[in-house]
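Q: with the input below, show me the fold.
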Amino acid sequence: MLREQLKSALKDAMLAKDQRAVSTVRLILAALKDRDIAAREKGNLDGIDDAETLAMLSTMVKQRQESIRLYEEGGRCELATQEQEEIDVIRRFMPTQLEGNELVSTIDSTIKEIGAADLKDMGKIMSTLKQRYPGRMDFSKASGIVRQQLV
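A: Numbers count the residues shown, from 1 in each chain. Down below sits the predicted model:
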């Protein structure tokens with residue numbers, strides 16, 4: 001389903017002559033193709049699923065956020081702006097991120113459901129969150145919240 005959205009978005013961006021969207025969607029499709037090839041080598045002939053695709057998109061956003069930070073430190077604001085525009089395009093294909101109270105309550109309910117008592121259970125909690133909320137949660141933020149809850 002996500003693949004069709006990406007292909008459709010590429011066509012729409014080309015028709016609209018939106019160069020930033022065209023180049024960003026092409027980057028996404030190229031990364032997706034690379035991941036599909038790697039999955040085939042491991043025996044998965046269908047390529048990666050939507051959950052893995054969302055994880056890939058999340059990684060792409062994080063890479064660009066780091067680039068923005070570095071560009072701003074280096075005084076290259078035009079490149080930081082370009083990276084932000086790419087993030088905006090990538091996020092079009094991602095579900096709405098869990099933030100604030102919603103994120104905390106989701107983590108709390110997962111901790112209670114698993115019956116986690118201390119930091120030894122953090123791996124179980126993070127694994128469960130990654131399975132249930134691919135692409136919907138910043139897992140670095142989530143791990144900090146989990147750590148606070150379990151201490």
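
Q: from now on I want contacts and neighbour counts done on CA atoms only, so please keep to that.
A: OK.

Q: tell me the contacts of I87?
A: Listed by Cα atoms under 8 Å, 6 or more residues apart in numbering, the contact partners of I87 are V61, R64, Q65.

Q: so which of these is the closest to I48?
A: Nearest to I48 among the contacts of I87, counting by Cα to Cα, is V61 at 18.6 Å.

Q: and that closest one, how far from Q149?
A: 27 Å (Cα to Cα, to the nearest Å).

Q: phi, psi of T96?
A: phi -60, psi 130 (degrees, to the nearest 10).

Q: how deep is the closest residue to C77 other than its chain neighbours tucked in, by neighbour count?
A: Spatial nearest neighbour of C77, chain neighbours left out: Y71 (6.4 Å); criterion: Cα to Cα, 6 or more residues apart in numbering. Neighbour count of Y71, defined by other Cα atoms under 10 Å: 17.

Q: residue ranges for the helices of this structure, please.
A: For the chain, the helices defined by DSSP state H occupy 2-16, 19-41, 50-73, 77-91, 100-114, 122-132, 139-150.

Q: now tell me what touches the second one from outside.
A: Counting by Cα under 8 Å, 6+ apart, helix 19-41 makes contact with 6, 9-10, 13-14, 45-48, 53, 56-57, 85-86, 89-90, all of which sit outside it.

Q: for that helix, buried residues please.
A: 21-26, 28-29, 31-32, 35-37 (16 or more other Cα atoms under 10 Å).

Q: same thing with the fifth one?
A: Counting neighbours by 16+ other Cα under 10 Å, one finds that the buried residues in helix 100-114 are L103, V104, I107, T110, I111.

Q: tabulate the helices of the chain (CSV), appending mean pLDDT.
A: Below are the helices of the chain laid out as CSV (pLDDT from 0 to 100):
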stretch, mean pLDDT
helix 2-16, 94
helix 19-41, 94
helix 50-73, 92
helix 77-91, 95
helix 100-114, 90
helix 122-132, 89
helix 139-150, 88
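
Q: my read: L54 touches R132, true?
A: No - using Cα atoms under 8 Å, L54 is not in contact with R132; the gap is 12.0 Å.

Q: comparing these two, which residue is more hemmed in?
A: Neighbour count, other Cα under 10 Å: between L54 and R132, L54 has more, with 20 against 13.
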